[in-house]
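Trainee: Sequence first, then the predicted structure:
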There are 2 protein chains.
Amino acid sequence: MSAEEVLENIRKEIIKKSPKEAKIVDVQFEGPEVVVYVKNPEIFTNEIIKSLAKDLRKRISIRPDPSVLVEPEIAKQKILEIVPEEAEITNFVFDANTGEVIIESKKPGLVIGKEGKTLEMIKKAIRWAPKPVRTPPIQSETIKAIRATLYRERHEVKEILRRIGRRIHRDIVVRGDYWIRVSFLGGAREVGRSCLYVQTPDTRVLIDCGINVACEDKAFPHFDAPEFSIEDLDAVIVTHAHLDHCGFIPGLFRYGYDGPVYCTRPTRDLMTLLQKDYLEIAKKEGKEVPYTSKDIKTCVKHTIPIDYGVTTDISPTIKLTLHNAGHVLGSAIAHLHIGEGLYNLAYTGDIKFETSRLLEPAVCQFPRLETLIIESTYGAYDDVLPEREEAERELLRVVSETTDRGGKVLIPVFGVGRAQELMLVLEEGYNQGIFNAPVYLDGMIWEATAIHTAYPEYLSKEMRQKIFHEGDNPFLSEVFKRVGSTNERRKVIDSDEPCVILATSGMLTGGPSVEYLKHLAPDEKNAIIFVGYQAEGTLGRKVQSGWKEIPIITRNGKTKSIPINLQVYTIEGFSGHSDRKQLIKYIRRLKPSPEKIIMVHGEESKCLDFADTVRRLFKKQTYVPMNLDAIRVK
Amino acid sequence: MSAEEVLENIRKEIIKKSPKEAKIVDVQFEGPEVVVYVKNPEIFTNEIIKSLAKDLRKRISIRPDPSVLVEPEIAKQKILEIVPEEAEITNFVFDANTGEVIIESKKPGLVIGKEGKTLEMIKKAIRWAPKPVRTPPIQSETIKAIRATLYRERHEVKEILRRIGRRIHRDIVVRGDYWIRVSFLGGAREVGRSCLYVQTPDTRVLIDCGINVACEDKAFPHFDAPEFSIEDLDAVIVTHAHLDHCGFIPGLFRYGYDGPVYCTRPTRDLMTLLQKDYLEIAKKEGKEVPYTSKDIKTCVKHTIPIDYGVTTDISPTIKLTLHNAGHVLGSAIAHLHIGEGLYNLAYTGDIKFETSRLLEPAVCQFPRLETLIIESTYGAYDDVLPEREEAERELLRVVSETTDRGGKVLIPVFGVGRAQELMLVLEEGYNQGIFNAPVYLDGMIWEATAIHTAYPEYLSKEMRQKIFHEGDNPFLSEVFKRVGSTNERRKVIDSDEPCVILATSGMLTGGPSVEYLKHLAPDEKNAIIFVGYQAEGTLGRKVQSGWKEIPIITRNGKTKSIPINLQVYTIEGFSGHSDRKQLIKYIRRLKPSPEKIIMVHGEESKCLDFADTVRRLFKKQTYVPMNLDAIRVK
């Protein structure tokens, strides 16, 4: 049966089972959903929708037919008429593809009204489905740009979604054995260029597609694996927005991919920010890049955001559910429910199994689980990190000492995740009077923070509370100063005033952190604090391990040697990764307990050590694949 | 550089370095060789050829240019004039593609003459290169047919060889990592459908491609493996002529392969015989087959026979050497010398590490060896087989007892290998008067035996001796009677005379052995002796394990139950496989000792048990892959 025939059958079924008064205009596959366009969406109660979804075993979305939607400009006017002025509406975002309008306001309660009455009135007046949200305290340029792209190119986006939908819902016949295997195209026995390739007789899925910014000859995943075929890919899943997991995604579109990218909404926005930043830094440094900003835009148009816990068909035989991974905002564990034999495979991506200042700990319960693929960054015997509280005290001590003697503190950080965690620590220390100096934010940190404030539902309960009692929003503290230009950076460097500088990149592989180091390194009054993992081969690892001089390429392309006189500190305990104890605890807490556990994302010795321990402790089959190995899990 | 440009450079080099008087007419890639066509081949001494081969790092073959060759009919006359009549010439085989003529005679010494003088005279008179061989004592129809095909279609064969040659010698550039991996498409944790797929960045090689005749839904290898692409195959290697290793080879041509098949000459001939037999039996039983006899012929035309110990380029980066495996006539261990890093991988196919009546034991020394892939048929703890001498005594005892009481002995055997071993035992027993009854040979056994006598150089020294002192040739003993038709089979069954019957197939999966069983089973006077491995699911395994009744499909398609009253014996010790002790001894004797050992070709528990033992005993990395696993070895 062709996808068209499958759709035709679904259409008939829906029309038969729906109330006539709803006036169904059209039924379409759009991405993973079956979308029903109707003239009277309010007729569809939740019960009717649930019952349809159950019968058809598909995700059903009921939408107002475009013909009944009021023009956006007029709709805005009508909303402003209905909602009381005290609500302070700041923005409208019309999504023509979903028939929704996001209404940003300072007091969303007033947009909803008593028992939702105001909302009902809006709905009736404009026919769009209104989604009231609180105005984010910091505006994100990235989110604005993404929304603009999606609105401007809404017709193309709709076409893309329908094409993807037809592919997902195609009718397939599997003969013989139903097997499932995973090929490791990158990130096996290494950190960087994470890339898993899941294959079944009918489906091909790529999970993550990172780049290793620290190593030019191992920068990209093994696309030369004989089983890899970009045209045959059904889906791409991104666990989180760090370059070693998402850096190559736009490159896939450059090389012919035109299918969906599944991730959470924060991951979509943060990865877009990171990819743009990656291109900018590479351009400045004259490096070759595998894609352009046009490809990033194409990627955005193909991205289908999904929330934690929502199960989604991504192929005729695979269902995807994302679960919180606790690592960075929007980071996810990808759980696949596969095929005829109903096999379950989860890949942790990077996980933190502990409540951090920003996030809840990683999810460890799944409906079913046969194979787990887990990161091993801190998997070795001696990879036990200090408690976070201890690390925080140490950080504030170094900051206070250094600024007291008039020095500057450079903290190279990942812009996404670590930076925000540190901001919270520094803000608290500043408030408590532990140090008294400004904290400069350079690189993409400001913008990444803005994205954090746009998705409060992805933050820990405590953080959510804080952010929305605006007086209390730590990110808005006066201690933080944004460095927005080369000139401003120059001023920070040249000034005699002691300060703290948070700057990307986190491993000194380019970006402003390297610029600051060049100028701060010779003066022993200053300090550098490493708070994250420094990969082999990076400048960060060199400085961390005690090099007394580092080669720097100057503006005119010459190599110059710079003495490292500043104080070098490594403070562990801020990692977004689980340490050894947490990894083991995670495996112990897993429900259900999987049969097979595959170790990836760690230096070779750490993966092997971790696998050995898990085999002994839990009597599990463990595997430590190499890149280009393929493991059949079923 | 294109292959044409590479060839042009080689041409220039050869012309520059060769004596002018040789008169070089053409230089071509033909299969793995660089062939130099010259008007005066005798000018090229072995030293010149060796030095050219060394400089060019290619196999060089000097051949008379077709323009100087005397017409075959005239050449025959000239040879008969030169060679004395007492030589008893029985056949000429002209190979237009090599410029050679095989001269079969009863006394090849007389064709050679004193100090090779007669040979020299022949060469001068006809310009073909004469190869005197002894007339095989039994004529093989298979060999005759193969030779006829190759002569009739010599122009096409030459074209095929040149095309293959250009592909082997293409110029390649490898960027980045040079990796080597093996995918297991069949025969992993099972016996049947053996199939390995070796991949590097530039080369794809298939080693063996068998069928499992015992299991319809697992009959063929996993061609659905995502990395498998028939168009990209550089070469196919066949280790030996048993259907579980070579059964699917002609099917590859049916599905688009048009490259070379490398194996020994006996393997080529025996596998052709087996494949034809497989088609015939399947046709009779109304089963679907994956190819036709035309595909078998295509396969023969693409086969490049290579001798043990000769190293051959099969791709720009892989060199193949075949070594004796001791399992059946022409069986080989495939040794690959791979790539830039010069990595060495050997696959044993099936091995016997013991001198048998027919063959020398498997080779265990290699120039270099990093990874070994080894069979595990008898790899488990209790898989220790009795000594051959003991098994022989037991066999003769059962034969003598059964025939003495007027019964018939049915021995289902593989036509290739086991049958000939048993013939030697029975012939000796008959000569010694241990039993006195005829031995009937049904199925392909006679023809397979004929092929054995055509390749004495592949037999053990002792056997070679025997066969060529004709009075002594055990295969020609009066005890053996050929069953050539259904009528003759009927007579053997109906007669009251006691007898021994050797019949294929060896696991009662079809063929005459099943026919005999139907008629002999009800009578308790009779006996059946299993002398080989009976795979799970076969009728052989059922009878062996004591079923008292078996279902048989009658001529008119109905199922009938037949009582098993005859005596059932299993005599181990005749296996062509090494038992556990021999396998372990083989690994101990390996020189050099490899780093990694991969276990295949055995039931799951046997592979696991064997791997465990080897890991403990020899402190080696061992692997027990599943079908569809891919292991990166470098």
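Mentor: In hand now; what should we look at? Quick caveat: nothing in here was measured; it's all calculated off a predicted structure.
Trainee: C-alpha only now, for contacts and for neighbours.
Mentor: Will do.
Trainee: what residues are up against the residue in the stretch 51-200 of chain A that chain B sits nearest to?
Mentor: At 6.7 Å from chain B, residue A:176 is the closest residue in the stretch 51-200 of chain A, using Cα to the nearest Cα. Taking Cα atoms under 8 Å, 6 or more residues apart in numbering or on different chains, we find residue A:176 in contact with residue B:217.
Trainee: where does it land in three-state SS?
Mentor: Following DSSP: H, G, I helix; E, B strand; the rest coil, residue A:176 is assigned to coil.
Trainee: what sits against the closest residue to chain B within the stretch 101-250 of chain A?
Mentor: When distances are taken as Cα to the nearest Cα, the stretch 101-250 of chain A reaches nearest to chain B at residue A:227, 3.6 Å away. Residues in contact with residue A:227 (Cα under 8 Å, 6+ apart) are B:225, B:226, B:227, B:228.
Trainee: So it versus residue B:509, what's the distance?
Mentor: Separation of residue A:227 from residue B:509 (Cα to Cα, to the nearest Å): 35 Å.
Trainee: before we move on, what about residue A:441?
Mentor: Using Cα to Cα, residue A:441 is found at 76 Å from residue B:509.
Trainee: How about residue A:307?
Mentor: In terms of Cα to Cα, residue A:307 sits 56 Å off from residue B:509.
Trainee: Likewise for residue A:42?
Mentor: Applying Cα to Cα, the value for residue A:42 to residue B:509 is 67 Å.
Trainee: Give me the more crowded residue out of those two.
Mentor: Neighbour count, other Cα atoms under 10 Å in any protein chain shown: between residue A:42 and residue B:509, residue B:509 has more, with 20 against 15.
Trainee: Can you pull up the residues of the stretch 201-350 of chain A that come close to chain B?
Mentor: Within the stretch 201-350 of chain A, the positions near chain B by Cα under 8 Å from any Cα of the partner chain are A:201, A:217, A:224, A:225, A:226, A:227, A:228.
Trainee: Please repeat the previous calculation with a cut-off of 6 Å.
Mentor: Taking Cα under 6 Å from any Cα of the partner chain, the part of the stretch 201-350 of chain A that reaches chain B is made up of A:226, A:227.
Trainee: can you map out the strands along the stretch 201-350 of chain A?
Mentor: A:204-207, A:235-237, A:261-263, A:303-305, A:312-313, A:318-324, A:332-338, A:343-347 (DSSP state E, counting those that start in this stretch).
Trainee: Which strand residues bridge residue A:499?
Mentor: Beta bridges link residue A:499 to residue A:408 when assigned by DSSP bridges.
Trainee: I figured it was touching residue A:437, is that so?
Mentor: Yes: Residue A:499 is in contact with residue A:437 according to Cα atoms under 6 Å; the separation is 5.1 Å.
Trainee: Which one's more surrounded, the two?
Mentor: More neighbours surround residue A:499 than the other of residue A:499 and residue A:437, with 25 against 20 (other Cα under 10 Å).
Trainee: ok, now how distant is that one from residue A:400?
Mentor: Here residue A:499 is placed at a distance of 10 Å from residue A:400 (Cα to Cα).
Trainee: Pick out the residue of the stretch 401-550 of chain A closest to chain B.
Mentor: residue A:537 (17.5 Å).
Trainee: and if you look at the stretch 351-500 of chain A?
Mentor: residue A:371 (15.4 Å).
Trainee: Run through the residues that contact that residue.
Mentor: Applying Cα atoms under 6 Å, 6 or more residues apart in numbering or on different chains, we find residue A:371 in contact with A:345, A:594, A:595, A:596, A:597.
Trainee: give me phi/psi at it?
Mentor: Phi and psi for residue A:371, reported as degrees, to the nearest 10, are phi -130, psi 130.
Trainee: Am I right that residue A:47 falls within a strand?
Mentor: No: counting by three-state DSSP, residue A:47 is not part of a strand but helix.
Trainee: Pull up the gap between it and residue A:130, please.
Mentor: Counting by Cα to Cα, the separation of residue A:47 from residue A:130 is 21 Å.
Trainee: In this model residue A:189 seems to touch residue A:604, though I could be wrong.
Mentor: Yes: counting by Cα under 6 Å, residue A:604 touches residue A:189, with 4.3 Å between them.
Trainee: More neighbours: those two, which one.
Mentor: Set residue A:604 next to residue A:189 and count neighbours by other Cα under 10 Å: residue A:189 wins out with 23 against 20.
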